[in-house]
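> From the sequence below, what's the structure:
(one chain, ligands or ions: 2)
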Amino acid sequence: MTDYVAAIDQGTTSTRCMIFDHLGRVVSSHQVEHKQIFPRAGWVEHDPEEIWTNTREVAAGALAKAGLNASSIAAIGITNQRETALVWERSTGKPVYNAIVWQDTRTAEICERLGALGGGADRYRDRVGLPLATYFSGPKVMWILENVEGAREKAERGELLFGTIDTWLLWNLTGGPDGGLHITDVTNASRTMLMDLETLQWDADIAAEMGIPLSMLPEIRSSSEVYAPGRAGGWMSSGVPIASALGDQQAATFGQVCFDVGTAKNTYGTGNFLLLNTGTERVRSENGLITTACYKIGDGPCVYALEGSIAVTGSLVQWLRDNLGLIKSAPEVEDLARTVEDNGGAYFVPAFSGLFAPYWRSDARGVLVGLTRYVNKGHIARAVLEATAFQTREVVDAMNADSGVALSELKVDGGMVANELLMQFQSDILDVPVIRPQVAETTALGAAYAAGLAVGYWSNQDDLRRNWQEDKRWLPNMDAEVREREYARWKKAVTRTFDWVD
Ligand SMILES: Nc1ncnc2c1ncn2[C@@H]1O[C@H](COP(=O)(O)OP(=O)(O)O)[C@@H](O)[C@H]1O
Ligand SMILES: O=P(O)(O)OC[C@H](O)CO
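Ligands and ions are numbered 1, 2, ... in the order given. This next block holds a predicted model:
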């Protein structure tokens, strides 16, 4: 009896496997963190072999915790940190270099070089929906081909494969060097800077300009279809259908059942990512957002989204814990922040990877401003939490300007939404209700939904809508004058990060 659907959520800091029932409830979960490798300031890498090992470990753990066996699982979905790029040998499956993570800024010079060919940062925006920025995969692949000895020659001989993390996992799960499928889905492909958003195919001109041979690129498929039966990875090799792949933020949008045009969600994890469903229309942002594929179900049309991507939110809380030792665990930041009434005049702009939306400034670096002898660690904890809410306000303002429609409420999810102080401040600074669903693990849920749809475990998207349940809502409760004064100070603090990196 196939009673459940499993999802692998391969995130920036950890990999987890979650098993869901027909009502979208979590039946079991197992999670393992992986190493963050920082070889130099601004560089961030992951070991792809460690990620594949952890994937097998969490899948085994989740099944064992639930006391199930593979025959109970109707399908497996994959969701993943996006943009993170790796290149491996077709014949051995050996990566030629670590995966270069989305937060890594080493490609700033490559991006400038491409922009100088004409059009600046918007050189490819009309075709791919993205500005030239260190965030996206294409320039990361260029870096590998230009800097890893022998890589270019091997790539030109057709011996190397490129993939985002979904592709790496799908290839390994379906056999690796022994006939593994080299595929990706539209949502992940739309983060590479190499996919034409209209045709949903690789743009050969951009690939040529970046010096990336087309033979390295995976085939682009829908986000929800049976790609193949599993052939590797412990119980996953028992032929269970591998039936979805979506970038994690698109998966969360799907898990929050944002199926209607104009619906949006904001995920609070390592970074924050706000996606607004724009239907089959591709909206070109004039206000610093990006245009991205949101999902494609089988032969159905591609649904697009406008996205506001913020690089550093939850990872600033981790930084407070790991680099400053001010707290022992992430949830403690709330207790520390509650020791004071307000931020004491301090503002923390965490431009650790430059600034993403809506600024796209790779020359920016983090600042803590407004310091006086009065400021203590409680104020700093508050400034850390408020930074997430202020950055979200900036992308909501941009979203309202781009879509012409003011967001009337915000659905939220991700690890940071456990923080009540942050959620109340978020509602105050946006002046709209903030709503948390009962299942806050919407990323894995979205991948499970897409996989379950592909095998008929759920009949249609209305089935999924019925599963969504509200857990809690925060209502705005801040004087308009205070709100706008605080926001204006934040904006001023942001200007202090600019022009730092030469
Ligand atoms: N109670 C909390 N308050 C503030 N931040 C938190 C809290 N709990 C977790 N976080 C932050 O949330 C992030 C983890 O969220 P998660 O959704 O698991 O992230 P990801 O999927 O990006 O790895 C971490 O960066 C952590 O610092
Ligand atoms: O792994 P997460 O949840 O930090 O998400 C990372 C995003 O996909 C980056 O675009």
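> Determine the three-state secondary structure at the residue of the stretch 401-502 of the chain found nearest ligand 2.
With distances taken as CB to the nearest ligand atom, the stretch 401-502 of the chain approaches ligand 2 most closely at Thr443, which sits 6.6 Å away. All C-beta atoms are positioned from the backbone trio N, CA, C, and that covers glycine. What DSSP: H, G, I helix; E, B strand; the rest coil gives for Thr443 is helix.
> dump the residue contacts of it.
By CB atoms under 8 Å, 6 or more residues apart in numbering, the residues touching Thr443 are 9, 11, 79, 248-249, 251-252, 255, 267, 413-414.
> change it to 6 Å
When the contact criterion is CB atoms under 6 Å, 6 or more residues apart in numbering, the partners of Thr443 are 9, 79, 248, 251-252.
> Return the subset of those lying in helices.
Those of the contacts of Thr443 mapping onto helices are 248, 251-252, per DSSP state H.
> what comes into contact with stretch 163-170?
Identification of contacts with stretch 163-170 by CB under 6 Å, 6+ apart yields 10, 48, 55, 78, 80-81, 84, 86, 181, 183-184, 188, 218, 245.
> Closest to ligand 1 out of those residues?
With CB to the nearest ligand atom as the yardstick, the closest approach to ligand 1 among the contacts of stretch 163-170 comes from Gln81, at 7.5 Å.
> Now the closest one. Nearest residue, chain neighbours left out?
Once flanking residues are discounted, Gln81 sits nearest to Thr12: 4.6 Å by CB to CB, 6 or more residues apart in numbering.
> Just give the number of residues close to that neighbour.
Other residues within reach of Thr12 by the criterion other CB atoms under 10 Å amount to 22.
> What values do phi and psi take at it?
phi -70, psi -40 (degrees, to the nearest 10).
> show me what contacts Ser315?
Under the criterion of CB under 6 Å, 6+ apart, the contact partners of Ser315 comprise Thr270.
> Show me what from this structure comes close to ligand 1.
Proximity of the chain to ligand 1 is assessed by CB under 6 Å from any ligand atom, with 11-14, 269-270, 314-315, 317-318, 330-331, 333-334, 414-416, 418-419 identified as the residues in range.
> just to revisit the earlier point, in helices only, show me the contacts of stretch 163-170.
48, 55, 188.
> among these, who's most crowded?
Greatest neighbour count in the ones in helices among the contacts of stretch 163-170, by other CB under 10 Å, goes to Asn188: 31 neighbours.
> For the residue in the stretch 301-450 of the chain that ligand 2 sits nearest to, what are phi and psi?
Here the stretch 301-450 of the chain gets closest to ligand 2 at one residue, Ser309, 6.0 Å apart by CB to the nearest ligand atom. Summarising the backbone geometry of Ser309 under the convention degrees, to the nearest 10, its torsions are phi -100, psi 130.
> The residue nearest to Gln81 against Gly269, yeah?
No: applying CB atoms under 6 Å, one finds Thr12 not in contact with Gly269, separated by 7.4 Å.
> okay, now Asn147: neighbour count?
Around Asn147 sit 11 other residues, with neighbours defined as other CB under 10 Å.
> can you pull the contacts of it?
Residues in contact with Asn147, defined by CB under 6 Å, 6+ apart, are absent; none qualify.
> how near is it to Lys154?
Separation of Asn147 from Lys154 (CB to CB, to the nearest Å): 14 Å.
> where's Glu334, which helix or strand?
Here Glu334 sits within helix 332-337, counting by DSSP states H and E.
> What's the mean pLDDT across that helix?
In this model, helix 332-337 has a mean pLDDT of 98.
> now stretch 188-196
Averaging pLDDT along stretch 188-196 yields 98.
> Let's see it as CSV, backbone CA atoms only.
Taking C-alpha atoms only, stretch 188-196 is exported to CSV below (Å, rounded to 0.1, in the frame of the first residue of the first chain):
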residue,chain,number,x,y,z
ASN,A,188,16.3,25.5,-11.2
ALA,A,189,17.2,26.2,-14.8
SER,A,190,15.7,29.7,-14.5
ARG,A,191,18.4,30.5,-11.8
THR,A,192,21.4,29.7,-14.0
MET,A,193,21.3,32.9,-16.3
LEU,A,194,21.4,30.4,-19.2
MET,A,195,17.7,29.6,-19.8
ASP,A,196,15.4,31.6,-22.0
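> Not counting its own residues, what contacts it?
In this structure, residues lying in contact with stretch 188-196 by CB under 6 Å, 6+ apart are 82-83, 127-128, 130, 136-138, 164, 166, 202-203, 206-207, 220, 247, 292-293.
> Out of those, which sit inside helices?
By the criterion of DSSP H, membership of these in helices covers 127-128, 137-138, 166, 206-207.
> Kindly indicate which of the residues you listed lies nearest Asp363.
The shortest distance between Asp363 and any of those, using CB to CB, involves Gly138 and amounts to 20.4 Å.
> For the residue of the stretch 301-450 of the chain found nearest ligand 1, give me its contacts.
Taking CB to the nearest ligand atom, ligand 1 has its nearest neighbour within the stretch 301-450 of the chain at Gly415, 2.1 Å off. Shown in contact with Gly415 (CB under 6 Å, 6+ apart): 269, 314.
> how about it, phi and psi?
When read as degrees, to the nearest 10, the backbone of Gly415 gives phi -60, psi -40.
> what does Trp319 give?
On the backbone of Trp319 - angles per degrees, to the nearest 10 - the values are phi -60, psi -40.
> Just give the number of residues close to it.
Taking other CB under 10 Å as the neighbour definition, Trp319 ends up with a count of 16.
> In contact with it: list those residues for me.
Trp319 makes no contacts at all, as judged by CB under 6 Å, 6+ apart.
> Look at it and report its pLDDT.
At Trp319 the predicted local distance difference test score is 94.
> how close does it sit to Arg40?
When CB to CB is applied, the distance between Trp319 and Arg40 equals 17 Å.
> and if you look at Pro218?
The separation that Pro218 has from Arg40, given CB to CB, amounts to 29 Å.
> Those two: who's more crowded?
Shown here are Pro218 and Arg40; by other CB under 10 Å, Pro218 has more neighbours (23 against 8).
> Ala383 is in contact with Phe348, isn't it?
Yes: judged on CB under 6 Å, Ala383 makes contact with Phe348 at a distance of 4.1 Å.
> out of these two, which sits in the more crowded spot?
Each of Ala383 and Phe348 has its neighbours counted (other CB under 10 Å); Ala383 has more, 28 against 25.
> Could you pull up phi and psi at that one?
Backbone dihedrals for Ala383, given as degrees, to the nearest 10, come out at phi -60, psi -40.
> circling back to that earlier point, residues contacting the helix holding Glu334, please?
Helix 332-337 is touched from outside by 317, 327, 378, 381-382, 385, 419, 421, with contacts defined as CB under 6 Å, 6+ apart.
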